[in-house]
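Chemist: this one's structure only:
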Ligand SMILES: [Zn+2]
């Protein structure tokens with residue numbers, strides 16, 4: 001294994017940052033100091049002006065394998081993740097068939113082991129994601145699964161969710177809920193409001209999300225089981241979860257870049273690229289999500305990376321499947337939302353790496369099957385999962401230059417500020433100068 005030296009960057013710790021060199025050898029951070037002497041043959045990365053921190057961790061990637069390999073595979077999704085600066089991604093279980101047995105979980109873990117990243121797997125809460133009978137969570141947990149979710153839809157039946165939370169607590173795993181009441185959201189393809197009426201589209205009300213957030217907070221209070229709230233999209237939802245956390249409930253939450261970057265106005269184009277569940281909300285909600293991010297009330301930015309093959313996505317708005325790509329653009333969009341040049345580097349790495357690593361239990365000392373530790377403090381001895389982010393790099397997103405198999409990005413042609421310059425996973429260089437090694 002070739003040693004790597006990352007020179008002259010701002011090394012981002014948990015509460016402070018300082019300019020230093022980072023020497024990586026044998027899969028570990030060997031030295032973090034103002035000037036390190038490199039072993040001969042070491043690969044040098046110039047990180048002047050860059051932020052150097054723990055590799056990003058995505059809690060929410062739909063890798064589509066098994067079942068929809070035309071849209072994405074574990075391998076292509078991992079390459080997209082690498083370009084986005086992720087050293088670990090959590091594969092969501094709403095595949096075909098869903099990941100609701102140890103054998104299916106093992107299959108995706110095995111595919112992930114062949115990629116340069118650490119691919120963790122979320123298991124389904126219920127058999128077939130039908131929301132009725134619990135899946136064998138203990139057996140999947142024994143393989144290292146730490147997050148369970150029926151994402152794509154939420155668990156609708158409160159009695160089932162109560163049982164799952166009760167079961168999850170002693171297993172040491174966390175449930176992740178897609179909060180939308182299916183009956184209230186039924187038939188809707190965009191946010192419900194004046195704009196949906198004007199466009200003649202059926203809306204999905206904010207209340208469909210908020211009612212389930214309220215319900216599940218009460219179920220967490222009742223059972224003590226830990227819950228992660230996926231892709232919160234309204235001002236009220238993030239406020240409710242933040243208040244519950246202050247109260248001491250075992251809850252965490254994520255927001256997705258599209259929800260803090262785009263608003264429902266984009267739907268006026270009727271371009272199905274802007275269709276997503278929960279839907280893009282009002283400018284007021286977008287502003288509230290950005291404020292929550294900046295105030296540290298959000299544990300993680302998660303992509304909800306949802307690839308679709310073109311022939312499946314290019315349909316009339318109300319018929320198209322929901323979802324958009326996220327892995328390759330999330331870091332720049334988060335940096336922008338945190339204030340770009342005003343952004344705190346510690347906060348960027350908190351929501352992109354350390355927070356999600358904590359939620360997914362991927363940090364040093366957490367239970368793991370084969371992963372190295374992620375979201376570390378950037379000290380000597382850490383496993384070498386490191387990203388070099390250039391906050392000054394200007395570039396243009398393009399749907400034609402993605403590692404993902406799909407191209408359903410809503411950011412095609414958008415000017416971006418901030419880009420991944422290099423990524424080291426398990427001590428190996430995976431991305432150099434913004435391209436895959
Ligand atoms: Zn979802």
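Modeler: Sure thing, it's come through. None of these values were measured; they are calculated from a predicted model. Numbering: from 1, shown residues only.
Chemist: hang on, residue 45 in a strand?
Modeler: Yes: note on residue 45: a strand contains this position according to DSSP: H, G, I helix; E, B strand; the rest coil.
Chemist: partners of it in the sheet?
Modeler: According to DSSP bridges, the partner residues bridging residue 45 are residue 6.
Chemist: wait, it touches residue 388, no?
Modeler: Yes: under the contact definition of C-beta atoms under 8 Å, residue 45 touches residue 388, with a separation of 6.2 Å. Bear in mind the C-beta positions are built from the backbone N, C-alpha and C, glycine included.
Chemist: quick check: neighbours shared by these two?
Modeler: Common contacts of residue 45 and residue 388, defined by C-beta atoms under 8 Å, 6 or more residues apart in numbering, comprise 6, 421-422.
Chemist: which parts of the protein sit against the ion?
Modeler: Residues of the chain lying near the ion by C-beta under 5 Å from the ion: 151, 178.
Chemist: on the three-state scheme, the closest residue to residue 209 other than its chain neighbours is what?
Modeler: Among residues not flanking residue 209 along the chain, residue 179 sits closest, at 4.8 Å (C-beta to C-beta, 6 or more residues apart in numbering). Assigned state for residue 179: coil (three-state reduction, three-state DSSP).
Chemist: contacts only, for residue 179.
Modeler: Contact partners of residue 179, counting by C-beta under 8 Å, 6+ apart, are 154, 209-210, 212-213, 216, 229-230, 232, 237, 278.
Chemist: let me know the pLDDT of the residue in the chain that the ion sits nearest to.
Modeler: Ranked by C-beta to the ion, the top residue of the chain for proximity to the ion is residue 178, at 3.6 Å. The confidence metric pLDDT takes the value 98 at residue 178.
Chemist: so which residues of the stretch 51-200 of the chain form helices?
Modeler: Listed in chain order, the helices of the stretch 51-200 of the chain (DSSP state H, counting those that start in this stretch) span residues 74-83, 102-113, 137-142, 158-171, 182-185, 194-199.
Chemist: highest average neighbour count across those?
Modeler: The densest packing among the helices of the stretch 51-200 of the chain, expressed as mean neighbour count by mean count of other C-beta atoms under 10 Å, is seen in helix 74-83 with a mean of 26.
Chemist: measure residue 214 to residue 243 for me?
Modeler: From residue 214 across to residue 243, the span is 11 Å (C-beta to C-beta, to the nearest Å).
Chemist: more crowded one of the two?
Modeler: Neighbour comparison, residue 214 and residue 243: the larger count goes to residue 214, with 16 against 13 (by other C-beta atoms under 10 Å).
Chemist: mind listing what the residue nearest the centre of the chain touches?
Modeler: The residue at the geometric middle of the chain, judged as the C-alpha nearest the mean C-alpha position with C-alpha atoms, centre = their mean, is residue 302 (2.5 Å). If you count contacts by C-beta under 8 Å, 6+ apart, residue 302 has them with 58-60, 230-231, 254-256, 356.
Chemist: so for residue 372, what's the pLDDT?
Modeler: At residue 372, the model reports a pLDDT of 85.
Chemist: residues contacting it?
Modeler: 27, 118, 383-385, 426.
Chemist: now do residue 258
Modeler: So residue 258 contacts 276, 280, 304, 324, 326, 410 (C-beta under 8 Å, 6+ apart).
Chemist: which one of the residues you listed is nearest residue 192?
Modeler: Using C-beta to C-beta, residue 280 is the member of those that sits closest to residue 192, with 12.0 Å.
Chemist: from residue 324, how far out is that closest one?
Modeler: 10 Å.
Chemist: ok, residue 254 next?
Modeler: Here residue 254 is placed at a distance of 16 Å from residue 324 (C-beta to C-beta).
Chemist: same check on residue 145?
Modeler: Following C-beta to C-beta, the distance that separates residue 145 from residue 324 is 26 Å.
Chemist: before we move on, what about residue 415?
Modeler: According to C-beta to C-beta, residue 415 and residue 324 sit 18 Å apart.
Chemist: again with residue 179
Modeler: Between residue 179 and residue 324 the computed distance is 19 Å (C-beta to C-beta).
Chemist: could you do residue 103 as well?
Modeler: According to C-beta to C-beta, residue 103 stands 31 Å off from residue 324.
Chemist: check residue 140 too.
Modeler: For residue 140, the distance to residue 324 equals 28 Å [C-beta to C-beta].
Chemist: cool, and residue 277?
Modeler: If you measure residue 277 against residue 324 using C-beta to C-beta, the figure is 11 Å.
Chemist: same question, residue 230
Modeler: Applying C-beta to C-beta to residue 230 and residue 324 gives a distance of 15 Å.
Chemist: same question for residue 383.
Modeler: Plainly put, residue 383 is 32 Å away from residue 324 if you go by C-beta to C-beta.
Chemist: swap in residue 71?
Modeler: 12 Å.
Chemist: can you check residue 354 too?
Modeler: Remark: distance between residue 354 and residue 324 (C-beta to C-beta) = 26 Å.
Chemist: neighbour count: the two, which is higher?
Modeler: In terms of neighbours (other C-beta under 10 Å), residue 324 is the more surrounded of residue 354 and residue 324; the figures are 27 against 24.
Chemist: what's near enough to touch the more buried one?
Modeler: For residue 324, the contacting residues are 258, 273-274, 276, 304, 306, 408-410, taking C-beta under 8 Å, 6+ apart as the criterion.
Chemist: what lies in contact with stretch 155-168?
Modeler: 125-126, 131-132, 134, 137-138, 148, 174-175, 177, 181-182, 215-216, 219-220, 222-227.
Chemist: please, which helix or strand holds residue 11?
Modeler: In this assignment (DSSP states H and E), residue 11 forms part of strand 4-12.
Chemist: the bottom helix or strand of this protein by mean pLDDT?
Modeler: Counting by mean pLDDT, DSSP states H and E, the chain has its least confident helix or strand at strand 435-436, which shows a mean of 86.
Chemist: mind checking how far it is from the chain centre?
Modeler: Distance of strand 435-436 from the chain centroid (C-alpha atoms, centre = their mean, to the nearest Å) equals 20 Å.
Chemist: on that earlier part again, in strands, which of the contacts of stretch 155-168 appear?
Modeler: Among the contacts of stretch 155-168, the members falling in strands (DSSP state E) are 148, 174-175, 177, 227.
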